[in-house]
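**Student:** Model the following, please.
(one chain, ligands or ions: 1)
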Amino acid sequence: MDNILEANGLVKRYPTFTLDSISFSLPEGCVTGFIGANGAGKTTTIRSILNLAHKESGTIKIFGLDADKHEREIKDRLGIIMDGSYFYDGLSMEDMKSIVAPAYSKWSDVEYRIYMEKFDLDPKQKISTLSGGMKMKFALVLALSHQAELLIMDEPTSGLDPLVRRQFLEIIMDYMKNGGKGVFFSTHITSDLDKVADVLILIDGGKIVFQQSKDELLDTFRIVKGSVALLNDRNKRLIRNLKISTYGFSALTDRIADVKKEMPGVLFEKASIEDIMLAYVGGKSDGR
Ligand SMILES: Nc1ncnc2c1ncn2[C@@H]1O[C@H](COP(=O)(O)OP(=O)(O)OP(=O)(O)O)[C@@H](O)[C@H]1O
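**Tutor:** Modelled structure (predicted):
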């Protein structure tokens, strides 16, 4: 499978934060979720990829092209959703569209109208009067009306109610149906990823913790529950994020076979993406 985007050795320094020579890739045909705690470096990564923040070093390839040398051509083929504040509040959506459209060689007014109708947006409505959900949908309309091959979105679902979030996820699944495309979006809301993501990238403190297929990741981890009497210094090394209560212990493991052997009688439950993320970023427990 080809990579639609490759980041190699990306470094961006702020006075109190460093994006620490990170490397990752986005496979074509996949929705990649970019997760991490507040301040982990998600927005900085996305801004650096898009040349909205000046990177100190590293290379970015998008559609196989060097992003520094082919910025215009690449941006023509990208759909970007950052903070909605780049819209002019005083304009109607139709006027805003007229400003954005000429920037794209493959802009389609037909598709624009289809999406506006589909999302129930009135082109004449002023941007200042749109709700957060409507603004996100309008940003999506603009991103989808020029045959973008890769959508890059920074927390597109934050602040949206569950209904609009579901609509967003359906739009993303629909967009991916045609093949040859990719989606990269950051989020805090890990439940958004359960349905839609194929690949997950976790960033913490400016470093990539893992990049893995969601199904593999969920197969690798289990929640382990059992009596505290089963724990000893040796087998505690097999688990992360150990929590002890009056009912027993609960922890996460990626060493299922070893835990079965070393802690006979424990119960295994499926882990969620949130469980896995918290085990990595929420402080490592005994042993690891
Ligand atoms: N323009 C800037 N100048 C100085 N520091 C910055 C700047 N932009 C970001 N930072 C710092 O870089 C760190 C990472 O911020 P970033 O916005 O990339 O995190 P994030 O993972 O997107 O967080 P959140 O989920 O809260 O949006 C933070 O400590 C932030 O203060």
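**Student:** Asn38 versus Leu160, what's the distance?
**Tutor:** For Leu160, the distance to Asn38 equals 18 Å [CB to CB, to the nearest Å]. Heads up, the C-betas are built off the backbone N, CA and C, glycines and all.
**Student:** of the two, who's got more company?
**Tutor:** Neighbour count, other CB atoms under 10 Å: between Leu160 and Asn38, Leu160 has more, with 21 against 6.
**Student:** what's the helix or strand for that one?
**Tutor:** In this structure, Leu160 sits in neither a helix nor a strand according to DSSP states H and E.
**Student:** can you check Leu121 too?
**Tutor:** Residue-wise, Leu121 maps onto no helix or strand under DSSP H and E.
**Student:** phi, psi of it?
**Tutor:** When read as degrees, to the nearest 10, the backbone of Leu121 gives phi -110, psi 140.
**Student:** now swap in Lys124 and tell me
**Tutor:** phi -80, psi -10.
**Student:** How far off centre is stretch 135-142?
**Tutor:** On the basis of CA atoms, centre = their mean, to the nearest Å, stretch 135-142 is displaced by 18 Å from the centre of the chain it belongs to.
**Student:** how about the helices in the stretch 1-150 of the chain?
**Tutor:** 42-49, 71-76, 93-100, 109-118, 132-144 (DSSP state H, counting those that start in this stretch).
**Student:** and of those helices, who's closest to His188?
**Tutor:** helix 42-49 (9.0 Å; CB to CB).
**Student:** Could you export the closest one as CSV, CA atoms only?
**Tutor:** This file holds the C-alpha atoms of helix 42-49, laid out as CSV (Å, rounded to 0.1, in the frame of the first residue of the first chain):
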residue,chain,number,x,y,z
LYS,A,42,-1.1,17.5,17.5
THR,A,43,-1.8,21.0,16.2
THR,A,44,2.0,21.7,16.0
THR,A,45,2.5,18.6,13.9
ILE,A,46,-0.4,19.5,11.6
ARG,A,47,0.7,23.1,11.2
SER,A,48,4.3,22.0,10.5
ILE,A,49,3.1,19.5,7.8
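**Student:** Contacts made by that helix with the rest, please.
**Tutor:** 5, 7, 10, 12, 14, 17, 19, 22, 34-36, 53, 55, 58, 60, 62, 67, 82, 152, 154-155, 184, 186, 203, 206 (CB atoms under 8 Å, 6 or more residues apart in numbering).
**Student:** ok, which of those also contact the ligand?
**Tutor:** Among these, the residues lying close to the ligand (CB under 6 Å from any ligand atom) are 14, 17, 36.
**Student:** Spatially nearest residue to the last one (excluding sequence neighbours)?
**Tutor:** The shortest distance from Gly36 to any non-neighbouring residue, by CB to CB, 6 or more residues apart in numbering, is to Ile203 (4.0 Å).
**Student:** For Glu6, see how far away the closest residue to Ile60 other than its chain neighbours is.
**Tutor:** Excluding its sequence neighbours, the residue lying closest to Ile60 (CB to CB, 6+ apart) is Ala67, at 3.9 Å. Distance, Ala67 to Glu6, using CB to CB: 10 Å.
**Student:** list residues touching both of these two?
**Tutor:** Shared contacts of Ala67 and Glu6, counting by CB under 8 Å, 6+ apart, come down to 59-61.
**Student:** neighbour-wise, which of those residues leads?
**Tutor:** Top of the shared contacts of Ala67 and Glu6 by neighbour number is Ile60, holding 20 neighbours under the definition other CB under 10 Å.
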